[in-house]
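Colleague: Pasted the sequence and its predicted model underneath.
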Amino acid sequence: MTRYIVVSGGVISGIGKGVIDAGTMAPTEHGEVYVLNDGGEVDLDLGNYERYLDVTLSRDNNITTGKIYREVIEKERRGDYLGKTVQIVPHVTNGIQDWIERVSKVPVDSTGEEPDVCIIELGGTVGDIESAPFIEAMRQFQFRVGTENFALIHVSLVVDMHGEQKTKPTQSTVRDLRGLGLLPDLVACRVQGREPLDTATKAKISMFCHVAQDQVLSIHDVSSVYHVPLLLKSQGLVEFLQRRLNLASVTVSLSLKANGEDLHTRWRAMTRTQERLFESVNIVLVGKYTSLKDSYMSVVKSLEHSAFRCNRKLILEWVDSSDLEPHALESSPVRYHDAWRALVSAQGVLVPGGFGERGTEGMILAAKWAREQSKPFLGICLGFQIAVIEWARNVCGWVGANSEELDPRSSDHVIVFMPEISKTHLGGTMRLGLRPTIFNEGTETWSKMRKLYGGAKIIWERHRHRYEVGPAYVERLEKSGMNFIGRDEKGERMQVFELQDHPFYVGLQAHPEFCTRPLNPSPPFLGFVAAASSVLEEILSEQKNYRSPHPKSAMVFPDTLGASKPADELKAPTNGVVVNGH
């Protein structure tokens, strides 16, 4: 029987928007849109779960109000309810429970085994209108699966008022939760400041929230978020869940136990190393959505993971790309000079993804500066396209070069709209999900990018874009020195470029940040940070043992070749070269 751990929230929350498709929301409204292997566009929290647990999730792991309502309506239209009145209870709540049970059985790692434990984040805050059907569904679910297989962790805020830890908000939210039929097994208290819960505060929460004192966890500020798992373990979280869910009865193979012990050892080593880092690396992120830093959550995590690996403290400067443009000198000269000061003093320049025209000229200026000054540069998605535009203008001399997205009237559209993409429907219509990139023959001798992936011929990264390098311009761009070293499975779509005579100047049409792991950083980000830290050769040597985070079953060529087959079963043609295997 699968064990279920439900995590609910109280007092404050930043989620619960109840949409069907996170991909239609602006990054400044919702934060980063996280993309999964199957092309699902989901909340950025799923990125945290994949990174921390080293698992591969699907769009079905993300349940929203919109998805459930749509499923219930489709069932009603098919006649599944035999003409009965459709209601929140039982039809919507049953739909939620059915969805959870179905998805909880799906393997999420390379073992291919059915999970023994399923963690459910109950989004929003107890008392929210949006979360009410989900809370009721969980109240019913605990009896459906058996209370011995169901544990609830309630996360609440303990407010610090002039040095006094206030528990009333936590008492209120737990009282609301209990009134709705859910009793917490653990109360995880997010404490403001670096001081843990004091004994008196813990006793008060225990008394008024109907839990023992050892069931009250203190989650206070620590030097790094990567210390939090160890903080929770030190307070007996693992032992409590083992007792509560009888996890000792679960059979775990010796190899899995060894993997877990190795992970714990390496994780502790990583956190200890963080505390002893003295050297730093200064990276500037030139983006469009810097007003909400969650818009680039995975990018920041990729830089952090890479900095750990390079034994550097990450110093990240945020620059709104619009502030680099000449018009900013007149409208806001202080912001203009601050932006340029951050750019020219950085050890590496990163231009991430985005949509729309605003700020793109500033991005082009940043790419030009990094190229001409031999500063490490990494362009992701839009950043990849920006670097191509910059090269076309300033190396090829096509002064009017631009993207079809950014300037429809341009004389040279070096970036064009992909013909298969819908121009009328925005949600879920981009080129999405895990896709292969095949490196050109001969690149294994010089390409830093290929070496970062362990010398692999084929690499797999997640995509999210509507535009591509114009096929009519590829040959001329390459003759001028822009090396498109990685292409799609048909050899037609440009997906990676790398300048051969530059310390590190790389662009990817994909979003490699979505596949980073704390102990297994994304290769392009690792190479970028290593180059900025002057340790690239050392890292390239270590990357000979690179391990892809994707299970083998996920690395399947799309139907563009006439069949959907695993990479090691398909001979994929690219530029007349037969590629066999990975």
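Modeller: Happy to help now that I have it. Numbers count the residues shown, from 1 in each chain.

Colleague: residues near C515, how many?
Modeller: Here the number of neighbours of C515 (other CB atoms under 10 Å) works out to 26. C-beta here means a position set from N, CA and C on the backbone, and glycine is covered the same way.

Colleague: And R70, by the same measure?
Modeller: For R70, the neighbour count with other CB under 10 Å is 13.

Colleague: what about it, distance to E101?
Modeller: In this view, R70 and E101 are 19 Å apart by CB to CB, to the nearest Å.

Colleague: Let me see the domain layout of the protein.
Modeller: Residue ranges for the domains of the chain, per automatic domain parsing: 3-20+64-249, 280-549.

Colleague: can those go into a markdown table with extra columns for mean pLDDT?
Modeller: A markdown table is the format used below for the domains of the chain (pLDDT from 0 to 100):
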| stretch | mean pLDDT |
| --- | --- |
| domain 3-20+64-249 | 90 |
| domain 280-549 | 94 |
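
Colleague: how about those domains in CSV, adding distance to L263?
Modeller: CSV is the format used below for the domains of the chain (distance: least, CB to CB, whole Å):
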stretch, distance to L263
domain 3-20+64-249, 10
domain 280-549, 8
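
Colleague: Those domains: which one's closest to V33?
Modeller: Closest of the domains of the chain to V33 is domain 280-549, at 7.4 Å (criterion: CB to CB).

Colleague: roughly how far is the longest helix anywhere in the chain from the heart of the chain?
Modeller: Secondary structure of the chain per DSSP state H: the longest helix is helix 254-275. How far helix 254-275 lies from its chain's middle: 22 Å, per CA atoms, centre = their mean, to the nearest Å.

Colleague: repeat for stretch 289-302
Modeller: 10 Å.

Colleague: Over to stretch 520-538?
Modeller: Stretch 520-538 has its average C-alpha position 19 Å from the chain's average C-alpha position, going by CA atoms, centre = their mean.

Colleague: What residues of it count as buried?
Modeller: Using 16 or more other CB atoms under 10 Å as the test for burial, stretch 520-538 gives 520-533, 535-536.

Colleague: try stretch 447-461
Modeller: 447-453, 456-461.

Colleague: Max pairwise distance over these: which two?
Modeller: The largest separation in the buried residues of stretch 447-461, counting by CB to CB, is between K448 and W460 at 18.7 Å.

Colleague: Can you get me a residue count around the closest residue to A248 other than its chain neighbours?
Modeller: Spatially, and ignoring its direct neighbours in sequence, A248 is nearest to Q242 (6.1 Å; CB to CB, 6 or more residues apart in numbering). When counting by other CB under 10 Å, one arrives at 14 neighbours for Q242.

Colleague: got a list of contacts for the one helix or strand Q242 maps to?
Modeller: Element membership for Q242, per DSSP states H and E: helix 237-244. For helix 237-244, the external contacting residues (CB atoms under 8 Å, 6 or more residues apart in numbering) are I5, A151, D185, L186, D214, Q215, L217, L247, A248.

Colleague: Apply 6 Å and report the result again.
Modeller: A151, D185 (CB atoms under 6 Å, 6 or more residues apart in numbering).

Colleague: Next, the buried residues of it.
Modeller: Buried-residue list, helix 237-244, by 16+ other CB under 10 Å: L237, F240, L241, R244.

Colleague: Likewise for stretch 263-275?
Modeller: W267, M270, T271, Q274.

Colleague: Same list, the residues you listed, but as a markdown table with pLDDT please.
Modeller: Listed next are these as a markdown table, based on pLDDT from 0 to 100:
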| residue | pLDDT |
| --- | --- |
| W267 | 92 |
| M270 | 90 |
| T271 | 89 |
| Q274 | 82 |
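
Colleague: Pipe those residues into JSON lines and attach distance to Y226 per row.
Modeller: Listed next are the buried residues of stretch 263-275 as JSON lines, based on distance: CB to CB, whole Å:
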{"residue": "W267", "distance to Y226": "8"}
{"residue": "M270", "distance to Y226": "7"}
{"residue": "T271", "distance to Y226": "5"}
{"residue": "Q274", "distance to Y226": "7"}
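
Colleague: Just give me the closest of these to K202.
Modeller: T271 (24.8 Å).

Colleague: before we move on, the earlier item: mind giving me the packing neighbours of the helix or strand just after the longest helix of the chain?
Modeller: Note on helix 254-275: by DSSP H and E, the next helix or strand toward the C-terminus is strand 280-287. Judged by 3 or more CB pairs under 6 Å, 6 or more residues apart in numbering; DSSP states H and E, strand 280-287 is in contact with strand 313-320, strand 348-351.

Colleague: if we can go back for a sec, now, which of the buried residues of stretch 447-461 lie within helices?
Modeller: Those of these mapping onto helices are K448, M449, R450, K451, L452, per DSSP H.

Colleague: From those, pick the one nearest C310.
Modeller: L452 (12.7 Å).

Colleague: wouldn't the closest one be in contact with F525 here?
Modeller: No - using CB atoms under 6 Å, L452 is not in contact with F525; the gap is 9.4 Å.

Colleague: for the stretch 101-250 of the chain, what spans make up the helices?
Modeller: For the stretch 101-250 of the chain, the helices defined by DSSP state H, counting those that start in this stretch occupy 132-145, 168-179, 199-209, 228-234, 237-244.

Colleague: separation between V414 and V469?
Modeller: V414 is 7 Å from V469, by CB to CB.

Colleague: Please identify every residue contacting each of these two.
Modeller: Counting by CB under 6 Å, 6+ apart, the shared contacts of V414 and V469 are V388.

Colleague: ok, which stretches of the stretch 1-150 of the chain are strands?
Modeller: Under the criterion DSSP state E, counting those that start in this stretch, the stretch 1-150 of the chain contains strands at 3-9, 34-35, 41-42, 117-121, 150-161.

Colleague: Direction included, what does the first one pair against?
Modeller: Paired strands of strand 3-9, with direction, are strand 117-121 (parallel), strand 150-161 (parallel) (DSSP bridges).

Colleague: what about the last one, distance to the chain center?
Modeller: I take that to be strand 150-161. 25 Å.

Colleague: Can you give me the buried ones in it?
Modeller: By 16+ other CB under 10 Å, the buried positions in strand 150-161 come out as F150, A151, L152, I153, H154, V155, S156, L157, V158.

Colleague: Quick check: beta-bridge partners of the first one?
Modeller: Bridge pairing for F150 (DSSP bridges) gives the partners Y4.

Colleague: rewinding a little: tell me which of the domains of the chain sits most buried.
Modeller: domain 280-549 (a mean of 20; mean count of other CB atoms under 10 Å).

Colleague: start to end distance for it?
Modeller: End-to-end distance for domain 280-549, by CA to CA, to the nearest Å: 27 Å.

Colleague: Same question for stretch 51-61.
Modeller: 15 Å.

Colleague: if we can go back for a sec, I'd like the ones in helices among the buried residues of stretch 447-461 as CSV, with distance to I364 appended.
Modeller: Below are these laid out as CSV (distance: CB to CB, whole Å):
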residue, distance to I364
K448, 23
M449, 22
R450, 27
K451, 29
L452, 26
